[in-house]
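Participant: can't give you the sequence, but here's the structure:
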């Protein structure tokens, strides 16, 4: 159906609004860069304080766990000194009475070493009462006082973190205090923000240049292919060198489409010519005889009337065959699969042909060794058989003999129809199943048939997932056959 003016306008509007490949690639690159910069900004500026302070706290906790593994070992103090030095921490070990048993100072930013014994003891008691073992300690130089708050959340810390753990050493309960400074990172954050601005500008510039180059490299051959594809309706297509596998595959596909379009166009022209010929001939005869009998009453004879009837029958047969092949190839016909005796059906059909053509001199024979059952659509299979018999009657030799044989092998039953005609050239055998293909290039009108019989045979047998074929020797006749799977005996 032809699109309306409104649909055409909407389609053009949609084409204008849709992005080109170059635009999509450019926006894709730009989006990746923007997302990367946002993530970097979040990590380096917004979340840097939180990440840094929590990393430092986890480092203090890990050090305490490691050191306390040696609580009952003689090397406890040496391990404590080594671990605190390695991680820039200060440590104080208190006896049960609050006195200092050991100190390890590895940084000048330590606060617990400036605490009095009472302040240290108060801190240990606060930890025991609150159940928390990590405190944020800050010093106010104006009041010269210390403020300790328990760290219960992952909030940024910009002072000292002190971890307090009770443990047993040589049978005595002792307290370990680990002090780690968490330096302010405001300057670092500002520096990172400045670097990100510069880096973001460079990345966007690089993205623009790279996206432009890549989009051109990809879009140019595709645009050329699109331009060439518009010529397919005329049966012309020139390959576009793109250098990528996808472009080559698209070239191959369009090449194949061009060949198929040319083939379809050739078949269309041949089909129109053949249909015109086959329709014109009976219509001309019917019209000519009808006018003759109208103008000359003496010509109203049984022979002339029979000619009109014969040509009407031929015209009806042609139209019916055209409808049948169209329905078969479009999938409208669904076979009614039922078991039946193929041998009996073939035998009855051959006998009927024998009786109908006795006066014309045709001789039919049917050979078989046993009766065979198949599961198929009996009406369609009989249509195959009658088309092959009609084809044999059209092209058989002067003796007008036609042999029908039933052969059995490998779970199949095969029906062969052999004539004694002139045969078919080997180079033409592959095309005889096409619609309207004529072995005779002059397209001589056959005594019977419409030129669609073998095409109907092919479609019906394909519908039954069977096999078909032909053997022919020039000057020695032809044998057409079809094969179906054998079914259970009735």
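Facilitator: That came in fine, so what should we check first? Being a predicted model, the structure only gives us computed values, none of them experimental.

Participant: Could you pull up the mean pLDDT of stretch 394-407?
Facilitator: The average pLDDT within stretch 394-407 is 91.

Participant: where's the closest residue to residue 368 other than its chain neighbours, which helix or strand?
Facilitator: Leaving aside its sequence neighbours, residue 368 sits nearest to residue 406 (CB to CB, 6 or more residues apart in numbering; 3.8 Å). In this view, the C-beta of every residue, glycine as well, is placed from N, C-alpha and C. Taking DSSP states H and E as the definition, residue 406 sits inside strand 401-409.

Participant: Could you identify the helix or strand that succeeds that strand?
Facilitator: Reading on from strand 401-409 to the C-terminus, the next helix or strand found by DSSP H and E is strand 412-418.

Participant: Okay, buried residues for the next helix or strand after that next one please.
Facilitator: Using DSSP H and E, the next helix or strand after strand 412-418 towards the C-terminus is helix 453-463. For helix 453-463, the neighbour count (16 or more other CB atoms under 10 Å) marks 453-461, 463 as buried.

Participant: Just list what helix 453-463 packs against, helices and strands only.
Facilitator: Using 3 or more CB pairs under 8 Å, 6 or more residues apart in numbering; DSSP states H and E as the contact test, the elements touching helix 453-463 are helix 302-330, helix 378-395, strand 467-472, strand 478-485.

Participant: so which of those comes closest to residue 224?
Facilitator: Set against residue 224 and scored by CB to CB, those come closest in helix 302-330, at 36.1 Å.

Participant: Next, the buried residues of the next helix or strand along the chain from the closest one.
Facilitator: Using DSSP H and E, the helix or strand that directly follows helix 302-330 along the chain is strand 338-341. Of the residues in strand 338-341, those buried by neighbour count under the rule 16+ other CB under 10 Å are 340-341.

Participant: partners of strand 338-341 in the sheet?
Facilitator: Paired with strand 338-341 in the same sheet, following DSSP bridges, are strand 373-376 (antiparallel).

Participant: So for the strand it pairs with, mean pLDDT?
Facilitator: The pLDDT scores in strand 373-376 average 93.

Participant: Off-centre distance for it?
Facilitator: Going by CA atoms, centre = their mean, to the nearest Å, the spacing between the C-alpha centre of strand 373-376 and its chain's C-alpha centre is 38 Å.

Participant: Kindly report the same for stretch 213-221.
Facilitator: The chain centroid and the centroid of stretch 213-221 are separated by 24 Å under CA atoms, centre = their mean.

Participant: pLDDT of it, averaged?
Facilitator: The average pLDDT within stretch 213-221 is 72.

Participant: and if you look at stretch 419-429?
Facilitator: Per-residue scores along stretch 419-429 average to 86.

Participant: Of all the residues in that stretch, which ones are buried?
Facilitator: Of all the residues in stretch 419-429, those buried under the rule 16+ other CB under 10 Å are 419-424, 429.

Participant: Please apply the same query to stretch 327-344.
Facilitator: If you call a residue buried by 16+ other CB under 10 Å, then stretch 327-344 has these buried ones: 328-329, 333, 340-343.
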